[in-house]
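Asker: Fold the stuff below for me.
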Amino acid sequence: MRRFAAVVVVAGLLLAACGGGADEPADDAGAPVQGGSLTWAVETEPITFNPHQYAQAKARLLVWNSFEALLTHDDKGGYLPWLARSYDVSADGLTYTFKLRDDVTFHDGEKFDAAAVKANLDQLFAPGYAPSVTSTQLKNFKDAQVVDPATIAVHLKQPDGLILDFFASPQGAQISPKSLKSPDLKAGGPDVVGTGPFILDRYTKGQEVHYKRNPAYKWAPADAGHQGPAYLDEVTYRFLKESSVRVGALTSGQVDVIEGVPATEQGLVKGDPNLQFAQHLNSGTAYNYYFNQTRAPFDDIRVRKAFRDAVDVDGVLQGVYRGTATRAWSILSPSGQFYDPSVEKTYGSDPAEANRLLDEAGWSTKDAEGFRTKNGQRLTARIVLSAPYVRDKRDILAQAVQAAVKQSAAIDLQVKIVDAGTATDAINKNEYELFDNSRADTDAGAALTLILPKGAPINRHGFASPDLDAQVATAAASTDPAKRKEIYNTVQHTLTDNATLLPLYAPADQIAAQKRIGGLGFEPTAGVPGSAYNVWIGK
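Answerer: As a prediction, the model looks like this:
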């Protein structure tokens, strides 16, 4: 679980790929020190602290502070034991048997055992509790059998190579059986507890969340960086959405660490001799705009291709991120193991072709404001951004795309930034033409399973292809990386040929901190900042 690995080791290697230069962070923390209080400013306030409900990549570092899973990922995407000591897979791929640690307790004193694991699995299938998990990650789950207190057997309906990724994911994290009965279960908070190195003891909505060290902690995975309790006595995460406010808090010494450092602020951080900086590309999917093919105008492939050709993505990214963003060409992030570089430069940045396609599609006249029209209707597309998920200046990016398609092809892109409830309502009512999404899944197959098949939880593009659905299912069931890569290469070309989406950039996470802070790092498989377990404050 190199989510605890030192930032010098993990982040410096990928800085150039993220467009942030080749600078390596250089802390002055010295050897690990026990004790101290850390203040960390974060960009995004979690919608929930319940790991089963996890949906925000920016909240992942908080999940792993207080919750843990049966397995974790190594730095190559494989699996290592965590709360499980080991696991075995039957020859037919239908039974996964986990041998569990017998020395783990939840924060409330409850014993971690096979019955607790079964209680968590049962809860995930409670009506209305976690439908996106049960319809994707656990879609092939049949039942779980408690063999003995330290052994649980998970039976599947059919082979599923992604089931191990679930048992290493936040959604597969273990909640105390007592907590599963809490009236605040869905929201999480101090009454919903796990087994992790920190205990969430208070949360002030809109301001901060506070964790204290779990003194009984002694079950970190083998590659966690150290064993025993966390170094820090306590850590406070302050919610500071504005990047300039976060950076100002860091440079003034009000906070020790921040995450989310945009291009406009990176020069200030890198130029400060008292600070360290690093960033890491996320795996999973790129940040993409998906076209809603179930309604006009994007039910016409010519219009989808025209919109894609109307955007000079490189120019837009340069304007918004000043050379720090990595261009995306595929649904998948270029840092992932299944990315196919052969899709690069196969489309896009061709205003002449965009206008030709729109003329051919009948959008050949213009209204008084200069926007294209057809049969008296303006060529309009709406994108609804959910405020809790807006990160990395994606609101500014949307405005840049809006300006690009207007100037190049006279398309009226309407950008709306709304609260989560309003965004969900718009999606449910099909009142959008574009939707945005990126995912930091440790296995890209998990992301594709959520987005692509017909009826998938976030298939909001409406592209229906039995062949594509079969390919995604076959790849997800396989444990052969070469076979999966071959299939996912085909999937990426299918999506490009169909103009299902407009890839924009590969999300990256940044950490900046006082040089006296040691042990900061990223999860290499997801690319997001790690928990505070291995962090210390130098003398």
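Asker: Quick check: Gln414 touching Leu385?
Answerer: No - assessed by Cβ atoms under 8 Å, Gln414 is found out of contact with Leu385, at 11.3 Å. Every C-beta, even on glycine, is put in place using the N, C-alpha and C of the backbone.
Asker: between these two, which one's more packed in?
Answerer: Counting neighbours by other Cβ atoms under 10 Å for Gln414 and for Leu385 shows that Leu385 has the greater number, 19 against 14.
Asker: pLDDT score for the residue sitting nearest the centre point of the chain?
Answerer: Centrality entry for the chain: nearest residue to the mean C-alpha point is Ala440, 2.8 Å, by Cα atoms, centre = their mean. Listed pLDDT for Ala440 reads 81.
Asker: swap in Thr479?
Answerer: At Thr479 the predicted local confidence, pLDDT, stands at 85.
Asker: Now the lengthiest helix in the chain - C-alpha only, CSV.
Answerer: The helix that spans the most residues within the chain, counting by DSSP state H, is helix 481-498. What follows is helix 481-498 as a C-alpha-only set of coordinates in CSV (Å, rounded to 0.1, in the frame of the first residue of the first chain):
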residue,chain,number,x,y,z
PRO,A,481,-3.5,-8.2,-18.2
ALA,A,482,-2.4,-8.7,-21.8
LYS,A,483,-5.9,-9.9,-22.8
ARG,A,484,-7.5,-7.0,-21.0
LYS,A,485,-5.2,-4.4,-22.6
GLU,A,486,-6.0,-5.8,-26.1
ILE,A,487,-9.8,-5.5,-25.4
TYR,A,488,-9.5,-2.0,-23.9
ASN,A,489,-7.5,-0.8,-26.9
THR,A,490,-10.4,-1.8,-29.1
VAL,A,491,-12.8,0.0,-26.7
GLN,A,492,-10.8,3.2,-26.9
HIS,A,493,-10.8,3.2,-30.7
THR,A,494,-14.6,2.5,-30.7
LEU,A,495,-15.3,5.5,-28.5
THR,A,496,-13.0,7.7,-30.6
ASP,A,497,-14.6,6.6,-33.9
ASN,A,498,-18.1,7.1,-32.5
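Asker: ok, the helix or strand following that helix: who's next to it in the sheet?
Answerer: Later in the chain than helix 481-498, the nearest helix or strand by DSSP states H and E is strand 501-506. Here strand 501-506 has these sheet partners by DSSP bridges: strand 287-291 (antiparallel), strand 326-327 (antiparallel).
Asker: what does strand 501-506 rub up against?
Answerer: 18, 281-282, 286-291, 307-308, 311, 313, 316-317, 321, 325-331, 333-335, 397, 401, 461, 495 (Cβ atoms under 8 Å, 6 or more residues apart in numbering).
Asker: Can you list the buried residues in that strand?
Answerer: Of the residues in strand 501-506, those buried by neighbour count under the rule 16 or more other Cβ atoms under 10 Å are Leu501, Leu502, Pro503, Leu504, Tyr505, Ala506.
Asker: ok, now stretch 42-62?
Answerer: Residues of stretch 42-62 classed as buried by neighbour count (16+ other Cβ under 10 Å): 42-54, 56-62.
Asker: Much appreciated, bye for now.
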